[in-house]
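*Asks:* build the 3D model from these lines:
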Amino acid sequence: MFDLKKQIRTLYITGILGNLSITGAWVAILSARGFSLVQIGFAETIFHITSLICEIPSGMFADMYGRKKMLVISNIMAVTGDLIMGLTSGFAGVCLAMPFHAMNYNFASGSGDALAFDSMKSVKKEAGFERYVSTQSVIYRVASGLSTLCAGLALLIGYRAAYLISAAMGLLTLVFTFSLKEIRVKDEEGDPDENRQRRSDTGRGSWRNVFKALISYFTDSILFLMKNKKASALMFLNSFVGAVDILLLFFLESKLQDAGLTAKYLGIGLFIMQMGGVVGSKLILKAEKVRYVIVFFVCVSGVIAGVLLEHSAIVWLMVFGGFISSMSDDAIQIRTDAKLNGMFPSEQRATLISISSFTFSVIMIVMSPLAGYFFSIW
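*Replies:* Residues are numbered from 1 along each chain as shown. The predicted structure follows:
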């Protein structure tokens, strides 16, 4: 008999291990190794190019071959990237590792949430998905905050030891991932025979069949979004709000120091801002009966307030602004994720989540230089 509690608990454990990293402040680590900002920027470009190329196909592979399999591949990519980073010393090694780290995020993106939602749906408990997303958001924020605080430790023990420790944690995550159970849910409105045949064709090993299946999944997903304008609008608006929050927090790292916060206390300030997401993740669960449009406008107002408080040049107000923005972003993210997953057909769930992530990446690429200019003159 399928044990939903064990499945969700295992997803939480892999979420903790996957997000808690001693090498989270990778820019600081590369800088300490002597690489220039130009080199670091080039490495980040490789990361984002790989991410854009692989984001949607990774979601389609998850729908075709199984979400658990893609989570396993994600773990393997993370370990491979960490080993390359830890065992090489030149810039070529950094460039080689970046695609593996990007694919780690790509193959995990959508797969975990899709597996969780379908696991709940299989026992008619999908109403608990919003609470699941909230808990995963708390895990992400706390783990990211702790990883930021670990930056000093990584620099103290050296990049080789730090990345080898990270690789060991990746292997531990892989062990737990293998214990997950693959779940397939049939949608009433879908054609299970057609979907089963499509998965069967891809399993025959023909690259032609795989390519045809990829095109089919992508086409079906785009047609779904064209017919469901509400889902498309939710994807775009949620991605836009998230991009503003992330860019605000990113530029606050520099702006806080300009306002007088010393490097010694910067990590604490960043950690406090991350904790805003934890508060938002819990508050949204208390607003179950509040209409989405009201939640959206309240959260947008919170992000705008964060941007305005950044302009105060007063450290504690700037940190408070980042806290409010982070809180608002996580709240709207959780409510939107739950709403979108309820709209998505099960057979295309991971693909559509990946398209949502792809939308966010494109918005980030467009907005990043604009935000850089805005915060330089603001």
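*Asks:* what packs against the strand or helix carrying residue 175?
*Replies:* Residue 175 is part of helix 159-178 when elements are defined by DSSP states H and E. In this structure, helix 159-178 makes packing contacts with helix 4-19, helix 26-32, helix 67-87, judged by 3 or more C-beta pairs under 8 Å, 6 or more residues apart in numbering; DSSP states H and E. In this view, the C-beta of every residue, glycine as well, is placed from N, C-alpha and C.
*Asks:* let's see that with 7 Å instead.
*Replies:* For helix 159-178, the packing partners by 3 or more C-beta pairs under 7 Å, 6 or more residues apart in numbering; DSSP states H and E come out as helix 4-19, helix 67-87.
*Asks:* low-confidence ranges in the stretch 101-250 of the chain?
*Replies:* Applying pLDDT under 70 to the stretch 101-250 of the chain flags the ranges 151, 186-207.
*Asks:* show me where it has strands.
*Replies:* With DSSP state E, counting those that start in this stretch as the criterion, the stretch 101-250 of the chain has no strands.
*Asks:* show me the helices in it, by range?
*Replies:* Using DSSP state H, counting those that start in this stretch, the helices of the stretch 101-250 of the chain run over 111-122, 129-149, 151-157, 159-178, 192-202, 207-227, 229-258.
*Asks:* quick one: contacts of the shortest one?
*Replies:* The set of residues external to helix 151-157 that reach it, using C-beta atoms under 7 Å, 6 or more residues apart in numbering, is 22-23, 25, 28-29, 32, 162, 267.
*Asks:* now rank those residues by neighbours and give me the top one.
*Replies:* Neighbour counts for the contacts of helix 151-157, by other C-beta atoms under 10 Å, peak at residue 162, which reaches 26 neighbours.
*Asks:* that one and residue 22 touch, don't they?
*Replies:* Yes - Residue 162 is within contact range of residue 22, at 5.1 Å (criterion: C-beta atoms under 7 Å).
*Asks:* so who does the nearest residue to residue 79 once chain neighbours are set aside touch?
*Replies:* Once flanking residues are discounted, residue 79 sits nearest to residue 170: 3.9 Å by C-beta to C-beta, 6 or more residues apart in numbering. Contacts for residue 170 were tallied using C-beta under 7 Å, 6+ apart; they are 75, 78-79, 82.
*Asks:* show the pLDDT at the residue nearest to residue 135 when sequence neighbours are not counted.
*Replies:* The spatial neighbour of residue 135 that comes closest, neighbours along the chain excluded (C-beta to C-beta, 6+ apart), is residue 12 at 6.5 Å. For residue 12, the model assigns a pLDDT of 96.
*Asks:* and the contacts of stretch 348-359?
*Replies:* Here stretch 348-359 makes contact (C-beta under 7 Å, 6+ apart) with 52, 55-56, 58-60, 62-63, 67, 109-111, 113-114, 117-118, 217, 220-221, 224, 235-236, 239, 340-341, 344.
*Asks:* now, of the residues you listed, which are buried?
*Replies:* Judged by neighbour count, with 16 or more other C-beta atoms under 10 Å as the criterion, the buried members of the contacts of stretch 348-359 are 55-56, 58-60, 62-63, 67, 109-111, 113-114, 117-118, 217, 220-221, 224, 235, 239, 340-341, 344.
*Asks:* and residue 314, how many neighbours?
*Replies:* The local packing count at residue 314 equals 13, with neighbours defined by other C-beta under 10 Å.
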